[in-house]
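Visitor: Fold the following, please.
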Amino acid sequence: MKKLITSLLFVILMLGLYNCGGVPRPDQELSTAKEKIELSQKEDAPKYANKEFSSALSDYIAATNAVSQGKNDVAKQKALSSISNSDVAIAKTRKSKAEESLSTMSNLLKEAEDMKADILIPTDLENYKKSYEVSKSLYDQSMYQDSYTNSKSVLPSIESSVSDLRTRWGNAKEELRKAVDKTESPMYKAMTKRLTNEAAEIEKLISDARTLLDQAKLEESMQKSKEAQEKIDNLTNSIKKMNEEYLNKTGDKLKELKINRNLFFMYFGRKAGLNEFKVAQTIKVYKEEEGSTNTQQKEVSNMTDEELTNYKSQLETDISNIKSQIRELYNSAQIDYSNGEYVRSLDTLDKVDELISQYNKKQDTYNKVLSEIDKRAKAKVVQKPVVQPKEEAKVTETYKTYKVIKGDFLSRIATKLFNGGYWWWPKIFVLNKDKISDPDLIDEGQDLKIPTSLPE
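Guide: This is a model prediction of the structure:
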């Protein structure tokens, strides 16, 4: 009986407590739910498990609201649901992060192998592969956090090594690209037609650079590429030197042929400027047309006197034209040289050489014509009695001497000595015919006769 009473009192007490305060506050559950949410947020669950994290956060907020409303039983249920959702979010996040790290490691290792890391950094590559295998094994055992931690510890080293490989390969490829680009320029191609040995050396260097690159010998490849670029740059100096030598050689030829190397404008008493020589670029090299007159086809000895005279006149015109073109082209080559257009200058000098060859042929033919005319004239003199010419009154002409200085030409001398009367240059030429065969060609240091009086 005593036991029954005790039991009834206990039940009544419990019912009283329930009616007075209800279910106690779920403080422990709320604290745990808060810790779980903070942990999942720290591990980046909003990024990798946003749905689960949002549910956990929503449940936690609902639990705290229920407590403030005295609904402790509802608060406890929501707190437990928040804990559960947080655990799912954390697990999903750790798995995703482990997968992401493994994928990053795998991609970096593949890139490293593509860049021949087995040759360039073999020991490092082997260690990285082992670390990847460890992380992969932990992942397969569902030890996602350990897998991620292991991957994260080695990833910076892998990324640094791969970045270094990218830089080294990039530098080597860039130097090779620069060398190849330089060989594809029109100027280079034009120069190599004349500098074949130098071009062959450059092509060999570029070929070696490619081979070394394929063998992952990056520094050696880069050195070859730079050497090729340096040689290409030096080609300009080589072509400049060749141009200079060609100009001098051609100038000597013109001097030997007594063809003035500079074109003068006598009317203005000065050298022609750059603009006045632009036309020289379009001058066509003189070539004797096919189907020329029958007179030219004949042997000089078989021509009639009239044909011979006409042929002499035609040759004089041809020779004058060729000389004019030689002067203009040579001047054009000099201007191109001074402007750094060395290849074009050399091409122009080639045309000058063609013209010189034609000039020599024409001059040889002209000399034969003169010889034939002289021969026939002597034959006629023998046949006719010699008639003594009447003695002409001698005219005494006084003159003074002038020494030619650098830069002088006849019209300039006339301008200086005759108060601007540059048109008297023919008078000086006639007076010095024993020294000057070409009015355009006088030499520094020559002593010229200068008339002291001029015709009215």
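Visitor: contacts and neighbour counts: CA atoms only from here.
Guide: Fine.
Visitor: quick check, residue 24 in a strand?
Guide: No - counting by DSSP: H, G, I helix; E, B strand; the rest coil, residue 24 is not part of a strand but coil.
Visitor: Please compute how far the helix or strand residue 322 falls within lies from its chain's middle.
Guide: In this structure, residue 322 sits in helix 305-338 according to DSSP states H and E. Counting by CA atoms, centre = their mean, to the nearest Å, helix 305-338 is centred 41 Å from the centre of its parent chain.
Visitor: What average pLDDT does it get?
Guide: The average pLDDT within helix 305-338 is 91.
Visitor: what's the answer for stretch 128-144, then?
Guide: 97.
Visitor: and what of stretch 414-425?
Guide: Computed over stretch 414-425, the average pLDDT equals 76.
Visitor: buried sites along stretch 232-245?
Guide: 232, 235, 236, 238, 239, 240, 242, 243, 244 (16 or more other CA atoms under 10 Å).
Visitor: surely the fifth one meets residue 343?
Guide: So the one you mean is residue 239. Yes - with contact defined as CA atoms under 8 Å, residue 239 counts as touching residue 343 (7.2 Å).
Visitor: For the two, list the residues in contact with both.
Guide: residue 191 (CA atoms under 8 Å, 6 or more residues apart in numbering).
Visitor: Tell me the first helix or strand C-terminal of the helix or strand harbouring residue 197.
Guide: In this assignment (DSSP H and E), residue 197 forms part of helix 196-214. Sequence order places helix 218-256 as the next helix or strand after helix 196-214, per DSSP H and E.
Visitor: Quick one: work out the angle between that following helix and helix 196-214.
Guide: 170 degrees (axes from the mean of the first three to the mean of the last three CA atoms, to 10 degrees).
Visitor: which strands and helices sit next to helix 218-256?
Guide: Packing partners of helix 218-256 (3 or more CA pairs under 8 Å, 6 or more residues apart in numbering; DSSP states H and E): helix 144-183, helix 186-192, helix 196-214, helix 305-338, helix 342-383.
Visitor: what about 6 Å?
Guide: helix 144-183, helix 196-214 (3 or more CA pairs under 6 Å, 6 or more residues apart in numbering; DSSP states H and E).
Visitor: What mean pLDDT does that helix get?
Guide: pLDDT averaged over helix 218-256 gives 93.
Visitor: try stretch 152-164
Guide: 97.
Visitor: chain center to that stretch: distance?
Guide: On CA atoms, centre = their mean, the centre of stretch 152-164 falls 36 Å from the chain's centre.
Visitor: cool, and stretch 122-142?
Guide: The answer for stretch 122-142 is 46 Å, by CA atoms, centre = their mean.
Visitor: just stretch 94-104 next, same as before
Guide: 46 Å.
Visitor: Which positions within it qualify as buried?
Guide: For stretch 94-104, using 16+ other CA under 10 Å, the buried residues are 94, 95, 96, 97, 98, 99, 101, 102, 104.
Visitor: distance of residue 236 from residue 343?
Guide: 9 Å (CA to CA, to the nearest Å).
Visitor: Restricted to helices, list the buried residues of stretch 94-104.
Guide: 94, 95, 96, 97, 98, 99, 101, 102, 104 (DSSP state H).
Visitor: Would you check which pair of these lies furthest apart?
Guide: Spanning the widest gap among those are 94 and 104, at 15.3 Å by CA to CA.
Visitor: And residue 402, its phi and psi?
Guide: Here the main-chain torsion angles of residue 402 (degrees, to the nearest 10) amount to phi -130, psi 130.
Visitor: Please report the distance of it from residue 419.
Guide: Taken as CA to CA, the span from residue 402 to residue 419 is 15 Å.
Visitor: quick one: which of these two has more around it?
Guide: residue 402 (14 against 8; other CA atoms under 10 Å).
Visitor: what bridges to that one?
Guide: Beta-bridge pairing for residue 402 (DSSP bridges): residue 448.
Visitor: pLDDT at it, what is it?
Guide: Reading off the model, residue 402 has pLDDT 88.
Visitor: Surely it touches residue 446?
Guide: No - using CA atoms under 6 Å, residue 402 is not in contact with residue 446, being 8.1 Å away.
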